[in-house]
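Novice: Below: sequence and its predicted model.
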Amino acid sequence: MIFNLFKSKPTLKELIPEGFVDIHSHILPGIDDGAKNIEDSIKLIMQMKELGFEKIIGTPHTYQGLYNNSSQSIKKAYVNLMDNLNKEINIEYASEYLLDNSLIKRAQDKDILCLKDNYVLVEMSYFSEPINLYEIIFELRVNGYIPVIAHPERYIYFHNDLKTFKKLKRAGCLLQLNLLSCVGYYNSKVMEFVDLLLKNNLFDFVGSDVHNINHIKRFESKIKIEQTKKLEDCITNTNNILT
């Protein structure tokens, strides 16, 4: 018992299981703030493979006015990458959609790239909650989609507000934790909120949200959160549901 209390925390890479599926990454070339070109993409993918990633879903931002991606532009970047990638690793593509009014029309038109089946990765602004957040979620659900909210721990306007996350779960949303949040990559407040959300069983999935080599290097860092076991459960759940 005393040994367990003082046992050193594992590194993040030590928690990556065999056959890990990464549902959130920015590995597609030249399409958002992730990989800048094919060479960047291949370097990221090969290093992720060394960490034990077996399948990586590229999820570039679709963010009107900043990253004006479409299903067609994302597919084009994916095909370009696959034409130049000779290594054996499973690469797929979807998108990380900003929760704004444009997403309502995409849902109605069934023009959404999903992680798997009807699971769609979505994000919010880091500065403020969408005014019509629940209307957008309702439209997604009515049109058959399950929203997976990316990195909720990073939305500081919701910090310590568990009621909001419980309401989002009741509205049909699932929550995806950024793995780097568990090693203090963003800041200590984010890390503390991760523990709170994990303790209350509010996370469903994990993702790397890898944009660059520096992100991958941080997988060498030790876990700093307290709820390590619940983190491992989320990692397992990700693989079980989204493989």
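Specialist: Looks like it came in fine. Numbering: from 1, shown residues only.

Novice: so where is this protein shaky, pLDDT-wise?
Specialist: 1-7 (pLDDT under 70).

Novice: SS state for A35?
Specialist: Secondary structure state of A35, per DSSP: H, G, I helix; E, B strand; the rest coil, is coil.

Novice: show me what contacts it?
Specialist: Applying CB atoms under 8 Å, 6 or more residues apart in numbering to A35 gives the contacts 26-29, 41, 44, 211-212. In this view, the C-beta of every residue, glycine as well, is placed from N, C-alpha and C.

Novice: List the contacts of the nearest residue to H26 once chain neighbours are set aside.
Specialist: Leaving aside its sequence neighbours, H26 sits nearest to G34 (CB to CB, 6 or more residues apart in numbering; 2.5 Å). Contact analysis of G34 by CB under 8 Å, 6+ apart lists 25-28, 40, 44, 60, 210-212.

Novice: In helices only, show me the residues you listed.
Specialist: Counted as lying in helices by DSSP state H, out of the contacts of G34, are 40, 44.

Novice: Quick one: buried ones out of the contacts of G34?
Specialist: 25-28, 40, 44, 60, 210-211 (16 or more other CB atoms under 10 Å).

Novice: and those as JSON lines, adding distance to F138?
Specialist: Output for the buried ones among the contacts of G34, formatted as JSON lines (distance: CB to CB, whole Å):
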{"residue": "S25", "distance to F138": "28"}
{"residue": "H26", "distance to F138": "28"}
{"residue": "I27", "distance to F138": "32"}
{"residue": "L28", "distance to F138": "30"}
{"residue": "D40", "distance to F138": "38"}
{"residue": "L44", "distance to F138": "36"}
{"residue": "P60", "distance to F138": "26"}
{"residue": "V210", "distance to F138": "31"}
{"residue": "H211", "distance to F138": "31"}
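
Novice: Okay then, goodbye and thanks.
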